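Undergrad: take a look and give me a structure for this.
(2 chains)
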Amino acid sequence: MHPVLRTVLQRLGLGLLTLFIVSIVIFMSLELLPGGFAEAILGQGATPETVAAFNKEIGLDRPAYVRYVEWIAGVVRGDFGSSYAGLGGSIKRSVTEMIAPRLYNTFFLAIVTAIFAVPLSLFLGVMAALYRNSFYDRTVNAVTLTTIAAPEFFIAYILMFIFAVKLRWFYPTSTVSESTGFVEHLYRAALPAITLTLVIVAHMMRMTRAAIINLLASPYIEMAQLKGIPNREVIMKHALPNAWAPIATVIAFNLAYLVVGVVVVEVVFVYPGIGQLMVDSVSSRDMPVVQACALIFAATYILLNLSADIVSIITNPRLLHPK
Amino acid sequence: MTETEQKLKQAAKLAGRGKISRREFTQLALASGLTLAAANTMFTTAARAEPKKGGTFKLGLAHGSTTDSMDPGLYYDQFTGTALWGTLANSLTEIDAAGNVVPDLAESFEPADGAKKWVFKLRKGVTFHNGKPVTADDVVASFMHHRGADSKSAAKSLLDPVTSIKADGAETVIFELTSGNADFPYIASDYHIPILPRKDDGTADWESGNRTGPYVLEKFEPGVSCTFNKNPNYFKSDKGWFDRVEFLAIKDVTARTNALNTGETQYLHRADLKTLDLLKQNPNVAIFEKTGYGHYIYVMNVTAKPFDNQDVRNAIKYSLDREEILAKVFSGYGSVGNDNPIAPTVKFAVDPQPRHVYDPEMAKSLLKKAGLESLSFDLSVSDAAFTGAVDAALLWKEKAKACNIDVNVIREPDDGYWDNVWLKKPFVASYWAGRPTCDWMFTTAYAADAAWNDTFWKNPRFNELLVAARAETDEAKRAAMYAEMQQLVHTDGGLVNVVFNNFVDAHAANLGHGETAANWPMDGMKITERWWFTS
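TA: Sure thing, here's the model as predicted:
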């Protein structure tokens, strides 16, 4: 079997196992949290009778393992169950229906950000390696380190203040709904996307720079330089191909962050993404929604890491053609 | 036009936005040659500009969660309350700006049999949004929705004293209570009990959002937004002025403020007190401040040591500087409490004497009376109870040292605070949104058998008076009884009422309104029904 295919299958199998373990861990941690959905929803107004009636209605009066087995059996069949919220009566809010629009918004923001941030950081990183220790290199480093060091909500507020409040180029809030058109969605998501770009560029850019500079001391690079190949070509043709593995890993890591870790930016810009949904659901102990979000997040990590590994294998002949 | 006339015209515009006082306006008007009476009329017309139809009203609210439900029994904060009750629906009665209960979907209500029986007559010709007329059967189904063993409604315990609800014809509903309750019409105004259409199986239809209110539901996205369009057939022709209403859940206060400042929204719920002075500088924004019934409190379990001694309790009540806490923690937006849970604006409210102020000598002498030299206790706090609970407790700790009292402030996690700390630990921070009547507030949190009796206080005289006052229809006698009860809570109870908080909101200056209600934030949560755009 081709080594790439074997790795993919192996990883997917392990990934499924990881997802299974993640689901158990999440379920148990939610069980350990004090209070339940009924108490969280009724808040100060909870009485023992209303809590009991509520728990009975959403099935929380049954033992935890029964609920877990039921839930996981549903998931295997592709049914993520119904949210505890809005259960009862004739309306069921299926988890899939709740998550789908949020997930779309999150992916939309992540993809828009990635389209800008990834080429930008690669370009900045290669240039920084090429002109290392120059004024340009130092400036780019200083600026990106500043943006990554500042908390993301701070960057968000500054951008909001300048571009939304003072200049009025963008909306201060990024509320979108299913009826929002593509162009308006893009326009509304612009400020969050710029914020996230500023947050992730430093990491990717510095890794690109470091990976390339690391290789510049290798004998084959020295050989190329001795042959009289221009510096630019040495880096693009000789160094970069061997630097892809670490770069791909850090890109995958940052893309995963864009999907699972942007709840602060979502809150500041009032962008209805999945992070906000998960935080809400954890605080109200809405187990089916939390579980589904956790699985999506775990799957995102697994798939992105897998892609990074595949890139490393493909760009490295020693891994691609093992003896 | 002369210069003075021009100034006067300008001033009238400012008066319309509430930016100029009557005195300033009158001075200017007199200078321009108007008579005093004419100036007065002119100011009143300008300041209370006639309601105008139209416009899209967008509100940025601090509340709203993805778990919000259409089920009125689960309405829980001001997002569900203002959008899904005040905008979408009506109850049988409502609370007006003066704090009185007035008919809403009901046309009239009459007590009988010593207030044990209440007869509500429904308004004629009112329809739900789908055109179906509102009948007595709908009202019965709507109330039954909160009752019964399976009920998970927040209004369940409120309706426990009701023994039967019957429809008498299509327009009359008769409620029978276990004992007389002169305040029952107030309970019918609760935002958990909107009138819902009855389904064929006899239960109430809460799912569809088909109600009677001034606006028709367009779309509800829990935790994100809720949009409405005008109900052209609304039964109050002088209410519900906007064409369209949109609620946005904006939890971040900076984002909420920016949204108002840039005109993205016209209403800011829960302004940031720290930056309020900056917000005031925006000429297109007006601040809306109202003292409600809500109060920030610390409650002790009077059955636990050392709080089982009345002198110790009173020593504690003298050991905190409420004025300082109000000024420093709440920036002065509120009024100091006097260990009485009844807000000054509620009917029959009194100010019990002696007022509990910061008095170290008094606290020490009360401790001595209880046979103690000094006192130390744990105080469990979290900002989940109210924002500022931790800061206020720390200020208290500092000031209490002079009274030989050591307040050991324990910071509890916000998450699960109401489950694990409130009603469990002996001395905790808490909050009550308040209730529109003495009886309702006392029955909820101070009656011996109340589920939420968070001070575990069981005063026989108080509980005897509670039942007697409830059924009493003579106003003077009731007033005397409620005065005595408030005094009892003040002197004997386990309540430390720090402040009555103000609702501090802000809105676009071109919004107009009449006198506003105090029972809930946002004009009794009926802002969309009662307010309008002036331009």
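
Undergrad: quick check: residues of the stretch 1-150 of chain B near chain A?
TA: B:60, B:65-71, B:74, B:76, B:149-150 (CB under 8 Å from any CB of the partner chain). C-beta coordinates here come from the backbone N, C-alpha and C atoms, glycine included.

Undergrad: where's the closest residue to B:S380 other than its chain neighbours, which helix or strand?
TA: Leaving aside its chain neighbours, B:S380 sits nearest to B:K425 (4.2 Å; criterion: CB to CB, 6 or more residues apart in numbering or on different chains). Assigned by DSSP states H and E, B:K425 belongs to neither a helix nor a strand.

Undergrad: go through chain A and flag its longest helix.
TA: helix A:95-130 (DSSP state H).

Undergrad: what residues sit buried inside the helix or strand just after that helix?
TA: Where DSSP H and E defines the elements, the next helix or strand beyond helix A:95-130 is helix A:135-149. By neighbour count on 16 or more other CB atoms under 10 Å in any protein chain shown, the buried set for helix A:135-149 is A:137, A:140-141, A:144, A:147-148.

Undergrad: now do helix A:135-149: which elements does it pack against?
TA: Judged by 3 or more CB pairs under 8 Å, 6 or more residues apart in numbering or on different chains; DSSP states H and E, the packing partners of helix A:135-149 are helix A:95-130, helix A:190-216.

Undergrad: what's in contact with it?
TA: Residues outside helix A:135-149 that contact it (CB atoms under 8 Å, 6 or more residues apart in numbering or on different chains) are A:124, A:127-128, A:131, A:155, A:198-203, A:205-206, A:209.

Undergrad: got the contact list for the longest helix anywhere in chain B?
TA: Ranked by residue count, the top helix of chain B under DSSP H comes out as helix B:475-492. For helix B:475-492, the external contacting residues (CB under 8 Å, 6+ apart) are B:182, B:310, B:313-314, B:338-342, B:348-350, B:352, B:356, B:438, B:442, B:446, B:457, B:459, B:461-462, B:465-466, B:468-469, B:472, B:495.

Undergrad: so what's the gap between it and the chain middle?
TA: Centroid separation for helix B:475-492 versus its chain: 22 Å, with CA atoms, centre = their mean, to the nearest Å.

Undergrad: got the CA positions of it in CSV?
TA: C-alpha atoms of helix B:475-492 as CSV (Å, rounded to 0.1, in the frame of the first residue of the first chain):
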residue,chain,number,x,y,z
GLU,B,475,-56.7,50.2,52.4
ALA,B,476,-55.9,51.9,55.7
LYS,B,477,-55.8,48.6,57.7
ARG,B,478,-53.7,47.0,55.0
ALA,B,479,-51.3,50.0,55.1
ALA,B,480,-50.9,49.6,58.8
MET,B,481,-50.3,45.9,58.5
TYR,B,482,-47.7,46.2,55.8
ALA,B,483,-45.9,48.9,57.7
GLU,B,484,-45.6,46.6,60.7
MET,B,485,-44.3,43.8,58.5
GLN,B,486,-41.7,46.0,56.9
GLN,B,487,-40.6,47.0,60.4
LEU,B,488,-40.3,43.4,61.4
VAL,B,489,-38.1,42.4,58.4
HIS,B,490,-36.0,45.5,59.2
THR,B,491,-35.4,44.8,62.9
ASP,B,492,-35.7,41.0,63.1
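
Undergrad: ok, back up a step: so which of the helices and strands packed on helix A:135-149 gets nearest chain B?
TA: For these, proximity to chain B was assessed by CB to the nearest CB; helix A:95-130 is nearest, at 7.1 Å.

Undergrad: buried residues in the closest one, which are they?
TA: Neighbour-count burial for helix A:95-130 flags A:95, A:98-99, A:101-110, A:112-114, A:117-118, A:121-122, A:124-130 (criterion: 16+ other CB under 10 Å).

Undergrad: which residues sit against stretch B:301-319?
TA: Here stretch B:301-319 makes contact (CB under 8 Å, 6+ apart) with B:300, B:339, B:356-360, B:362-364, B:366-367, B:369-370, B:372, B:375, B:377, B:396, B:399-400, B:403, B:405, B:407, B:426-427, B:455-457, B:491-494, B:496.

Undergrad: are any of those buried, and which?
TA: Buried among those (16+ other CB under 10 Å): B:300, B:339, B:356, B:358-360, B:362-364, B:366-367, B:370, B:372, B:375, B:377, B:396, B:399-400, B:403, B:405, B:407, B:426-427, B:455-457, B:491-494, B:496.

Undergrad: contacting residues around the residue of the stretch 101-250 of chain A found nearest chain B?
TA: Relative to chain B, the nearest point of the stretch 101-250 of chain A is A:P172 (3.9 Å; CB to the nearest CB). By CB under 8 Å, 6+ apart, A:P172 lies in contact with A:160, A:164-165, B:255, B:258-259, B:261-262, B:264.

Undergrad: buried subset of the residues you listed as a PyMOL selection?
TA: A single PyMOL command selects the buried members of these (16+ other CB under 10 Å):
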select buried, (chain A and resi 160+164) or (chain B and resi 255+258+259+261+262+264)
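
Undergrad: sort out for me which of the contacts of A:P172 are in helices.
TA: Using DSSP H, the contacts of A:P172 in helices are B:255, B:258-259, B:261.

Undergrad: tell me the domain boundaries of chain B?
TA: Domain segmentation of chain B under automatic domain parsing yields B:3-47, B:56-60+B:213-284+B:509-533, B:89-211, B:292-501.

Undergrad: wait, what's in contact with the closest residue to B:V253 other than its chain neighbours?
TA: Spatially, and ignoring its direct neighbours in sequence, B:V253 is nearest to B:D272 (4.6 Å; CB to CB, 6+ apart). Contacts of B:D272 were listed using CB under 8 Å, 6+ apart, and they are B:253-254, B:257, B:279.

Undergrad: does A:L191 touch A:M160 like I think?
TA: Yes. Contact criterion CB atoms under 8 Å: A:L191 and A:M160 qualify, at 6.4 Å.

Undergrad: which residues do these two both contact?
TA: Common contact partners of A:L191 and A:M160 (CB under 8 Å, 6+ apart): A:F269.

Undergrad: what residues sit buried inside stretch B:284-294?
TA: Neighbour counts over stretch B:284-294 (16+ other CB under 10 Å) mark B:285-286, B:288, B:290-294 as buried.

Undergrad: can you tell me which two in the residues you listed are farthest apart?
TA: Taking CB to CB, the two most distant members of the buried residues of stretch B:284-294 are B:V285 and B:Y293; they sit 26.3 Å apart.

Undergrad: quickly check: stretch A:52-66 near chain B or not.
TA: Yes. Stretch A:52-66 is in contact with chain B by CB under 8 Å from any CB, via A:53-54, A:56-57.

Undergrad: follow-up on the earlier one: between the domains of chain B, which one is closest to A:G273.
TA: A:G273 sits nearest to domain B:56-60+B:213-284+B:509-533 of all these, at 10.5 Å, using CB to CB.

Undergrad: A:I302: which element?
TA: Using DSSP H and E, A:I302 falls in helix A:287-315.

Undergrad: packing partners for that helix?
TA: Of the remaining helices and strands, those touching helix A:287-315 by 3+ CB pairs under 8 Å, 6+ apart are helix A:3-32, helix A:64-76, helix A:95-130, helix A:240-260, helix A:274-283, helix A:317-320.

Undergrad: to B:F500, which of those helices lies closest?
TA: Going by CB to CB, the one of those nearest B:F500 is helix A:274-283, 28.1 Å.

Undergrad: many thanks, have a good one.
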